[in-house]
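S.K.: got a predicted structure plus its sequence, pasted below:
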Amino acid sequence: MRPALTHHNPVTEPPIQPADPEDKTRNPVEGVLSVDGSTTLGWQERWQRFPWSLVLLLTLTSLIGLVVLYSAAGVHLNQPESNSSQYLLRQGGRFLLGLGLLFVVAIVGSERVYRRYAYLAYGLTLALLVAVFLFGSISMGARRWLDIGFMRLQPSELMKVTLVLALARYYHDRAVVSGFGLRDLAVPLLLIVLPVGLILKQPDLGTAIIIATVGTVVIVIAGLSWKMIALSFCLLAAGLPIAWNGLHDYQRQRVYTLFFPEHDPLGSGYHIIQSKIAVGSGGFLGKGFLNGSQSHLDFLPERHTDFIFSVLAEEWGFVGCITLITLYLLITARGLLIAASAQHRFGLLTAVGFIALFSFQVVINIGMVIGLLPVVGIPLPLISYGGSSMITLLFSMGLIAHVAIYAKHHRKTI
């Protein structure tokens, strides 16, 4: 039986009326949204309700990333031929650009606008993925980027954001009292399968896994019944042999290497062996800034992107790793608290989806470099060098901050 849709009851749930600017007795932080999602907060209230703690955590994490990147991208401070300063300036500029975008999205933007154009943004990003498949530039054997002159755009990073918005819009318009069933999954699954298929063609297994996982999280939080969750796990288990046969040979080799890296120490197992050596050699306090032998003697590959956590572990040791992981946990916890106070279903699903996106990337990247997960191309948020990932991450954090501004229960500590 199809679950009944929820409807607004005008008797028991009167609509929130827009604030009267002439009413001096009205508390400006109560009834912050009208039924259609229009804004009733002034600029001063928006700044007061802005989640500054979230921005502080993001900034501290990014500063750690810049320090580690300076070491990972070059050799020593007294060597002018090093490219460390260029990497540092580019990454710092990207963070500032993304931080400005975060403030604009959070304070100037409107949930009604984000919800209205969610499908359009998804469609445009899907078109960019098709363009990558047809005209994208190839780097290291993968076709993942569009060269637009002044920069290289990676549409798969944009899809991480627009998919969450599209799914949140879909379930916001179809809120149900009880768990929904199979017939309600057709459109959401199509929204997920289309970009995942295009991204697998690039090929980019890591990003495809992230997008599929985050999309699944949004569906579950939206109200998927326990029967459907159990059925989904059964179907997933049954489909693993098909998925395995659909992988490229090098992707299967990565799974083999996860368990037996020593079988090919100079080939497929080289990356993970060198990474584990770097992590283990850091000890408790590390070897010190710019003193990591694995990275500076070129033993560690992709040290400024996918394997940058290994550089951190070698030079700053267990203390540095725990510090970064603690910041990640605080960002995740702050995002979940914001999601719990969301004014609307769209805000709830958006915040949960973006926090899931953030945390899954952290888990996969760190698990990859310490040998617990296969090696896939997933950047470490706010730490790895890259423009598309940095901008899309801070854009998504801006949407979470927007949810916090219009939360149901505001406290001065937000």
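M.R.: That came through, no problem. Residues are numbered from 1 along each chain as shown.

S.K.: hang on, Arg143 in a strand?
M.R.: Yes - Arg143 sits within a strand when classified using DSSP: H, G, I helix; E, B strand; the rest coil.

S.K.: from Ala212, how far off is Leu240?
M.R.: Shown here: Leu240 relative to Ala212, a distance of 13 Å by CB to CB, to the nearest Å. C-betas here are computed from N, CA, C, even on glycine.

S.K.: more neighbours: those two, which one.
M.R.: With other CB atoms under 10 Å as the criterion, Leu240 and Ala212 differ in neighbour count, and Ala212 comes out ahead with 17 against 9.

S.K.: quick check: the more buried one touching Leu194?
M.R.: No - in this structure Ala212 lies outside contact range of Leu194 using CB atoms under 8 Å: 11.4 Å.

S.K.: got any ranges where the chain has weak pLDDT?
M.R.: Within the chain, the set of residues satisfying pLDDT under 70 comprises 1-40, 75-83, 140-141, 149-151, 175-179, 181, 408-414.

S.K.: report the longest helix in it, please.
M.R.: Among the segments of the chain that qualify as a helix by DSSP state H, the longest is helix 308-340.

S.K.: for that one, which positions count as buried?
M.R.: Within helix 308-340, the residues that qualify as buried are 308-317, 320-321, 324, 327-328, 330-332, 334-335, 337-339, counting by 16 or more other CB atoms under 10 Å.

S.K.: which helices and strands sit right next to that helix?
M.R.: With contacts defined as 3 or more CB pairs under 8 Å, 6 or more residues apart in numbering; DSSP states H and E, the packing partners of helix 308-340 are helix 52-73, helix 270-281, helix 293-296, helix 345-369, helix 387-405.

S.K.: if you set the cut-off to 6 Å instead, what comes out?
M.R.: helix 52-73, helix 270-281, helix 345-369, helix 387-405 (3 or more CB pairs under 6 Å, 6 or more residues apart in numbering; DSSP states H and E).

S.K.: helix or strand for the closest residue to Ala73 other than its chain neighbours, which one?
M.R.: Leaving aside its chain neighbours, Ala73 sits nearest to Tyr87 (3.8 Å; criterion: CB to CB, 6 or more residues apart in numbering). With the criterion set as DSSP states H and E, the secondary-structure element containing Tyr87 is helix 84-103.

S.K.: what's the next secondary structure element after that helix?
M.R.: Helices and strands here follow DSSP H and E; after helix 84-103, the next one along the chain is helix 111-116.

S.K.: gap between that following helix and the chain center?
M.R.: Centroid separation for helix 111-116 versus its chain: 20 Å, with CA atoms, centre = their mean, to the nearest Å.

S.K.: just to revisit the earlier point, the helices and strands packed on helix 308-340: which one's closest to Ala127?
M.R.: Go through the helices and strands packed on helix 308-340 one by one with CB to CB and the one that ends up closest to Ala127 is helix 387-405, at 16.6 Å.

S.K.: which other residues reach the closest one?
M.R.: Contacts made with helix 387-405 from outside it, assessed by CB atoms under 6 Å, 6 or more residues apart in numbering, are listed as 46, 49, 51, 94, 98, 101-102, 105-106, 109, 154, 157, 161, 335, 338, 342, 347, 350-351, 354, 379, 381, 414.

S.K.: mind giving me the ChimeraX select for the residues you listed, buried ones only?
M.R.: Selecting in ChimeraX just the buried members of the contacts of helix 387-405, where the criterion is 16+ other CB under 10 Å, is done with this command:
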select :46,49,51,94,98,101,102,105,106,109,154,157,161,335,338,342,347,350,351,354,379,381,414
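
S.K.: for the residue nearest to Trp47 when sequence neighbours are not counted, grab the count of nearby residues.
M.R.: Using CB to CB, 6+ apart and skipping residues adjacent in sequence, the residue nearest Trp47 is Ile107, 7.1 Å away. Around Ile107 sit 17 other residues, with neighbours defined as other CB under 10 Å.

S.K.: going forward, count from 52.
M.R.: Shifting the count to begin at 52 puts that one at Ile158.

S.K.: where along the stretch 152-301 of the chain do the strands fall?
M.R.: When assigned using DSSP state E, counting those that start in this stretch, the strands of the stretch 152-301 of the chain occupy the ranges 188-190, 193-198, 203-204.

S.K.: which residues sit against the second one?
M.R.: Among residues not part of strand 193-198, those counted as contacts by CB under 6 Å, 6+ apart are 183, 187-188, 203-205, 253, 255.

S.K.: for ChimeraX, write the selection for the buried entries among these.
M.R.: Buried subset of these, written as a ChimeraX selection, criterion 16+ other CB under 10 Å:
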select :183,187,204,205,253,255
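
S.K.: output the contacts of strand 193-198 as TSV; include the columns distance to Ser410.
M.R.: Converted to TSV, the contacts of strand 193-198 look like this (distance: CB to CB, whole Å):
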residue	distance to Ser410
Val183	26
Gly187	29
Ser188	30
Arg203	27
Leu204	25
Gln205	21
Gln253	24
Asp255	20
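
S.K.: quick one: which of the contacts of strand 193-198 is nearest to Leu317?
M.R.: The closest of the contacts of strand 193-198 to Leu317 turns out to be Asp255 (CB to CB; 25.5 Å).

S.K.: pull the contacting residues for Gly320.
M.R.: Under the contact definition (CB under 6 Å, 6+ apart), the residues listed for Gly320 are 308, 312.
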